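# how would this look folded up:
(2 chains)
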Amino acid sequence: MQRIGVFVCWCGTNIAATVDVAKVAETLKSEPGVVFATDYQYMCSASGQEIIKNAIKEHNLTGVVICSCSPRMHEATFRKTVQAAGINPYMLEIANIREQCSWIHKDKEEATEKAIILGRAAIAKVHLNAPLTSMESPVVKRALVIGGGIAGIQTALDIADAGFEVDIVEKQPTIGGKMAQLDKTFPTLDCAACILTPKMVDAGSNDKVNLYTYCEVDKVEGFVGNFKVTIKQKPRYVDATKCTGCGECTTKCPSRKNPNEFNMGFDNRGAVYIPFAQAVPKVATIDPDDCIYMKTGKCGLCAKVCTAGAINYEQKEEFITKEYGAIVVATGYNQIKPTEFEEYGYNNYKDVVTSLEFERLMNAAGPTGGHLLRPSNGKEPKKIVFVQCVGSRGQSCRDKSYCSKICCMYTAKHAMLVKDHYPDVDVTVFYIDVRTPGKNFDEFYRRAVEEFGVHYIKGMVGKVEEEDGVLKVQASDLLANAQIHMDADMVVLAAAIEPDKSARPLATMLTASMDTNDFFTEAHAKLRPVESPTAGIFLSGTCQGPKDIPETVSQASACAAKVIGLLAKDHLLCNPCVAHSNETLCNGCSTCANVCPYGAITYEDRLVMDKGVRETRRIAVVNEAVCQGCGACTVTCPSGAMDLKGFANRQIMAEVDAICR
Amino acid sequence: MREIRELLVNKIKELLDNGTVDRVIGWKAGEFCYDVTPAIFTKDDSFDDFLFNGFCGANQSKYLIEETKAPGRDEPEKGKILVLLKPCDSYSFNQLIKEHRIDREKVYALGVPSKGMLDVNKLRNMGINGILGIEEDGDMVKVKTLYGDKEVARKDLILDRCRCCKGSKHVAYDELLIPEAEEWEKDTTDRFAEVEKLEQMSAEERFDFWRSQLSKCIRCNACRNVCPACSCRTCVFDNANSGVAAKVNADDFEENMFHIIRAWHVAGRCTDCGECSRVCPQNIPLHLLNRKFIKDMNELYGDFQAGDDTETKGPLTAFTKTDAEPSIVYSRGGDK
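Reported below is the predicted structural model:
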């Protein structure tokens, strides 16, 4: 019989306000095996932990149940506590009476009853707990960064700076991401290219950084410290080792009607192209859908003009498999195409553009050479209307529920830049709220209003229609309580941003969790913001939520710090809660091996003694260093031969029984 | 039927004589003529009581687990065994090979034709009792009874499971008795029609339906023992340590759980052979539990037939990026 101690935490008022903690402790005292029970204001504090340690010694406890917050929060803390008092850390169970009880109930009586039941279940489990010992696994000292935008580049450079090898996988032909498309950056108005391209060059030339551009992650196996990743290199049809980036092929290519993605389709590129002059690596790529030779077998002009002989129409996709200790997700965002918001006329009128399109129209390296011209007729606009929150902060199914965060600031930037370059242009911004928290952000916005004379109107645009080449804007002014009719030459929509489409399948591959908006979930919103709940997976940049550049870069560096902390270790303690197979029950059916995501299960023919008969059987064997204790095998095993240490079928059943008692 | 039996016996004798196999699993009559059970015959046995008729429904695949396992210490190595697989049996055969339960090297599979197996209960429902003998003759079945001879159309006696048969093609064999067997004519029924009826019930009606059916169970374990997917060396219900065994015996409701747990255990591996319902002495439509799973899996993960081959992973043990999200599963069926 175990000697169990029960410790009920108030968590200040978090638990105590809804749960009668004294009653929980008192009631659980009469459970079989419980020799001590108490409650305390903050069990995780130094003095709380002292109470636990003293009770273990005083009452010769063999098992401990702590009724407190989620084990995700403090299981590790309390394991250390009981270990310090001489108990095996796996003789501890946590009953979550905060997230699963006090926080979700209002009625104190009911919540108290539930807390008692949860405590009872944990006690029932501790009765069947056995001491477990951790093994060690080595750490591969290399990191993978998925996504080569500013977030991925910064994380990679910081990791490399600490002396670790790091690979960047980027699905586009060049690194740089969205920031490469931007004109100026708020709140200091330095040019995006001027601050980004040196970092791109650093990433390209750093010995420790390997770039896998025009690549995608195909498969992820393994676990923290020991990931095995298969990277798919899409065919460029250009030998990257030979291409000098001279661009001769791109100018000679006769297929010219392909929208240039980098310039948001405002101009065209050849079928063979280099996304932009500062691309890293500066290597041409052939789009097989646009290439005349690839479609008809006639042309081949690029191959003729290439003095390096780099063109290779026969190139096939290749797969590269490498091992990593840590994986960083930096998949970034996209701006939505506001095609569903028909009231703004984006689908119908060329002069209605999104803000990212506007960036290209303002950019010195853009399709107009930085000269702001109306896309419809190439003339200079005289009146520009900016519309904020297009698709953000809404309740309808076409809207994102969240605030895209960056739009208030870049719209102020756009307005200011327009007024700066073309002082006679009339600029109006329609907004719901102007949100400018951040260092020097509000000052920046006020400059737009006060120094540059941008008109800010609180209210939304209801309709945009074109009449005789003029955009007729109907809007409301909420402060003046008036309807506004206004003419404009251009309308710029601050459309919402959303996670890149590649994020969800990637999350599935990484078994990393996501929220309903497809943003990656952090391990703790406040205390572990750059780690995914999945060990060894880290989050950098907007894949985790909308962020501007300063915030992205600080998060990217924070993420690198976490990765470095992991890679600096030679070994990791393995989770001792691993699966094992009972040889007399095992059917050898391979079902467990089929579902094992880590490839931890193999089979061997073994002489087995069962019911007095000795025979050779095919038996499952678990590699404990590889097993992560997910339990998929235990639930799929029809005979119950597979079981998980620390979470045995009998233990789970005992918990269920205790709950249903 | 008589001609096919003769052809079959000749084939078996040939395979025994030329040493391809040293024994065969066949069928012979039990207590009654319609009560046919699998039996092992060797070269020296008489084949007089070897049966092959419309009551040879029993799926022989499962017997191969025991017959092909590695010999124990001091046991002689056995030769190959001949198994007679009807088209539907060949699915279970494949499934067991996939699960490494049958040693394929130790089996010679002879595909035998089937024109649908017969259901003695259908005779009884026609008021035909005191059955002494049954003779199939083309489209007709002649029944000898205590009360005189009767004649019934064969199609009226076909087992329900055969009316939504998977077809005349064998998915596994070494040799076919009749190489180009034709598809037989039958009044086909929709395999999932009954499941759909259950789905349309309210949760309460469905609960009542299953309570009334499953409470008839006498726990004879016939369904478990006949089921080719239920082939664990030690069943969880026979394993005192599993904690499940004691529970299902606790009260009559827990006993209902036996069937539900069993259906879960075979989900994704059940070939829908229908043996569970055929052998149930209480006529519980157990196959409907399995079919509900099959129907759900088909809808959620795409059509899948267990035992179609020996490699493809079942939908519940394979993971693809296009798999249904749990939230989709939760939103299906039941009262909101």
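
# quick check: domain ranges of the chain?
Picked chain A for this. As assigned by automatic domain parsing, chain A contains the domains A:4-126, A:142-234+A:317-331+A:519-567, A:248-305, A:334-498, A:579-645.

# my bad, the chain I had in mind was chain B
Here the domain parsing of chain B from automatic domain parsing is B:2-117+B:165-176, B:120-157, B:193-330.

# for the longest one, the distance to its chain's centre please.
Same thing as domain B:193-330. How far domain B:193-330 lies from its chain's middle: 14 Å, per CA atoms, centre = their mean, to the nearest Å.

# right, is it up against chain A?
Yes: Domain B:193-330 lies within reach of chain A by CB under 8 Å from any CB of the partner chain, at B:231-236, B:239, B:241-244, B:265-266, B:313, B:316-319, B:321. Any C-beta I mention is one placed from the backbone N, CA and C, and that applies to glycine too.

# can you select the buried ones from these in PyMOL?
The following PyMOL line selects those of those that are buried, judged by 16 or more other CB atoms under 10 Å in any protein chain shown:
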select buried, chain B and resi 231+232+233+234+235+236+239+242+243+244+265+266+313+316+317
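
# hang on, the earlier thing: indicate which one of the domains of chain A is closest to chain B.
Chain B lies closest to domain A:579-645 among the domains of chain A, at 3.8 Å (CB to the nearest CB).

# and residue 39, helix, strand or coil?
In the absence of a named chain, this looks at chain A. What DSSP: H, G, I helix; E, B strand; the rest coil gives for residue A:39 is strand.

# I was after chain B.
Under three-state DSSP, residue B:39 falls in the strand class.

# cool, residue A:265 as well?
Secondary structure assignment for residue A:265 (three-state DSSP): coil.

# I figured it was touching residue A:259, is that so?
Yes: the criterion here is CB atoms under 8 Å, and residue A:265 meets it with residue A:259 at 3.9 Å.

# adding mean neighbour count, write the domains of chain A out as TSV.
Below are those laid out as TSV (neighbours: other CB atoms under 10 Å in any protein chain shown):
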stretch	mean neighbour count
domain A:4-126	20
domain A:142-234+A:317-331+A:519-567	21
domain A:248-305	18
domain A:334-498	18
domain A:579-645	19
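
# return the per-residue confidence for residue 104.
All of this is about chain A. We have a pLDDT of 96 for residue A:104.

# that was the other one, I meant chain B.
Listed pLDDT for residue B:104 reads 95.

# what sits against it?
Listed by CB atoms under 8 Å, 6 or more residues apart in numbering or on different chains, the contact partners of residue B:104 are residue B:97.

# distance of it relative to residue A:660?
45 Å (CB to CB, to the nearest Å).

# ditto for residue A:402
Taking CB to CB, one finds residue A:402 at 40 Å from residue A:660.

# could the domains of chain A be laid out in a markdown table, adding distance to chain B?
Shown next, in a markdown table, are the domains of chain A (distance: least, CB to the nearest CB, whole Å):
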| stretch | distance to chain B |
| --- | --- |
| domain A:4-126 | 12 |
| domain A:142-234+A:317-331+A:519-567 | 11 |
| domain A:248-305 | 24 |
| domain A:334-498 | 16 |
| domain A:579-645 | 4 |
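
# for residue B:45, which of the ones you listed is the nearest?
For residue B:45, the closest of the domains of chain A is domain A:579-645, at 26.7 Å, according to CB to CB.

# cheers, nothing more for now.
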